[in-house]
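> Structural data only, the sequence is not supplied:
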């Protein structure tokens, strides 16, 4: 059976996941689960109710649901990422210093380290957001303003939006490539591949085995990477309606319009996940190209983690079907 035949025969599922530190998180309509490979070789499982039954109706409306789900996904993803580091035992290995501490001393040391890490995380988050604003919003606008002074014929909303948008995409792709060179990130990207392959195997209606998952496609249209690149493309179109040219004011306006960009990007990625036609393949294409950087071929141990995680979140009533 050819890979493309398997993909065309698949059903549609709303189950999605995220690569973690030495593991996978899968989220279904009723349950969410993490499967993390401990340093001992054992797969550590954690599962809980998805808990999306009490969402107000207004948060389920088109565009608005995209913003809400993006925020909740970021929050859940960060929580699972931090927790996976603990479940994998990597932190314990790194913290071993050969010190012979009592239980009370060890607990006190752990508490101090936790407080320090929380402060460090907040500081790093603030710096990261500020850097992202400068790189992705202010810098492209400022560079084009400099460019227009040298070449006035370039002035125009279309050219400005196109230049800024393409520069943002180039910066994003360069960033993804550079982080992919890091050993730990490459392993996370391999788990990303395991997540996609396992979802494809489930959608194809095949038994969830390592052998079946291994032969699946690792590029999925309903991917976070595809979502990010779609937002950047949507941002180009939205920017064409901004008449302000001052880099600072333009950045502020783009920031205010960010929820609209996120909402439209979400709706597009949702359509791409539900349907397979010329339009969905077209809007998925940039994301699939970028997945060549962010999604790598997993090994069998990673596939095992993904299988364990997805099995736990598949509902018995078919409520995950799209």
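Now that the structure is in, tell me what you want to look at. Owing to the predicted nature of the structure, the values given are computational and were not obtained by experimental measurement. Residues are numbered from 1 along each chain as shown.
> make it CA atoms for all contacts and neighbour counts henceforth
Fine.
> Sort out which residues of stretch 73-93 are buried, please.
77, 80, 81, 83, 84, 85, 87, 88, 89 (16 or more other C-alpha atoms under 10 Å).
> quick one: contacts of it?
Stretch 73-93 has contacts (C-alpha atoms under 8 Å, 6 or more residues apart in numbering) with 18, 20, 21, 22, 23, 25, 34, 36, 37, 38, 39, 44.
> for that stretch, what is the average pLDDT?
What stretch 73-93 shows for mean pLDDT is 82.
> Same question for stretch 236-243.
Per-residue scores along stretch 236-243 average to 91.
> thought residue 264 was touching residue 65?
No: using C-alpha atoms under 8 Å, residue 264 makes no contact with residue 65, being 10.0 Å away.
> from the contacts of stretch 73-93, which ones fall inside helices?
Taking DSSP state H, every one of the contacts of stretch 73-93 sits outside helices.
> Of those, grab the buried ones for ChimeraX.
Buried subset of these, written as a ChimeraX selection, criterion 16+ other C-alpha under 10 Å:
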select :18,20,21,22,23,25,34,36,37,38,44
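> Same list, the contacts of stretch 73-93, but as a markdown table with distance to residue 164 and pLDDT please.
Listed next are these as a markdown table, based on distance: C-alpha to C-alpha, whole Å; pLDDT from 0 to 100:
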| residue | distance to residue 164 | pLDDT |
| --- | --- | --- |
| 18 | 30 | 92 |
| 20 | 32 | 93 |
| 21 | 34 | 91 |
| 22 | 36 | 93 |
| 23 | 36 | 94 |
| 25 | 35 | 95 |
| 34 | 39 | 94 |
| 36 | 40 | 95 |
| 37 | 42 | 94 |
| 38 | 44 | 93 |
| 39 | 45 | 90 |
| 44 | 45 | 94 |
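> Taking the contacts of stretch 73-93 together, which two end up most distant?
18 and 39 (20.0 Å; C-alpha to C-alpha).
> in stretch 238-252, what's buried?
Those would be 238, 239, 245, 247, 250, 251, for stretch 238-252 by 16+ other C-alpha under 10 Å.
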